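Chemist: mind folding the following:
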Amino acid sequence: MLTGKQKRYLRSLAHHLDPIFQVGKGGTNEHLMRHINDAIEKRELMKVSVLNNCLEDKHDIAAELAEQTGSELVQVIGSVIILYKPSRDHKQIELP
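Modeler: You can find the predicted model right below:
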């Protein structure tokens, strides 16, 4: 579980990142989850964009993504979800 200070730090790091994946009309599926899991393992911190035509609620999608990938939900702001998961192999981000 991340503390408030750690979440603020991760939000500041994520500010300049662009969303890597988009969740659209089809919602989340196994294929998307696999790719997100691979990407977050390499990057540790990433953004996912939820498109306007998505039928599911963005907070439900964020919770599902965090649960399925084993990551921490940092923030849902607008239509962007920020996720963090420390890498097992090469740790890039050192939390305060």
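
Chemist: strands along the protein, start to end?
Modeler: For the chain, applying DSSP state E gives strands covering 21-23, 45-50, 72-77, 80-84.

Chemist: please save the CA atoms from the second one in CSV.
Modeler: Looking back up the chat, that one is strand 45-50. The C-alpha coordinates for strand 45-50 follow below in CSV (Å, rounded to 0.1, in the frame of the first residue of the first chain):
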residue,chain,number,x,y,z
LEU,A,45,5.0,3.6,-13.7
MET,A,46,2.6,4.1,-16.6
LYS,A,47,-0.6,5.8,-17.7
VAL,A,48,-3.6,4.2,-19.3
SER,A,49,-6.2,6.3,-21.1
VAL,A,50,-9.9,5.6,-21.0
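
Chemist: same for that strand, what does it pack against?
Modeler: When contacts are defined as 3 or more Cβ pairs under 8 Å, 6 or more residues apart in numbering; DSSP states H and E, strand 45-50 packs onto helix 4-14, strand 21-23, helix 30-43, helix 58-69, strand 80-84. Using the backbone N, CA and C atoms, a C-beta is placed for each residue, glycine as well.

Chemist: residue contacts, Leu17?
Modeler: Leu45, Met46, Lys47 (Cβ atoms under 8 Å, 6 or more residues apart in numbering).

Chemist: just put the helices and strands packed on strand 45-50 in a markdown table and tack on distance to Gln92.
Modeler: Shown next, in a markdown table, are those (distance: least, Cβ to Cβ, whole Å):
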| stretch | distance to Gln92 |
| --- | --- |
| helix 4-14 | 10 |
| strand 21-23 | 19 |
| helix 30-43 | 8 |
| helix 58-69 | 17 |
| strand 80-84 | 11 |
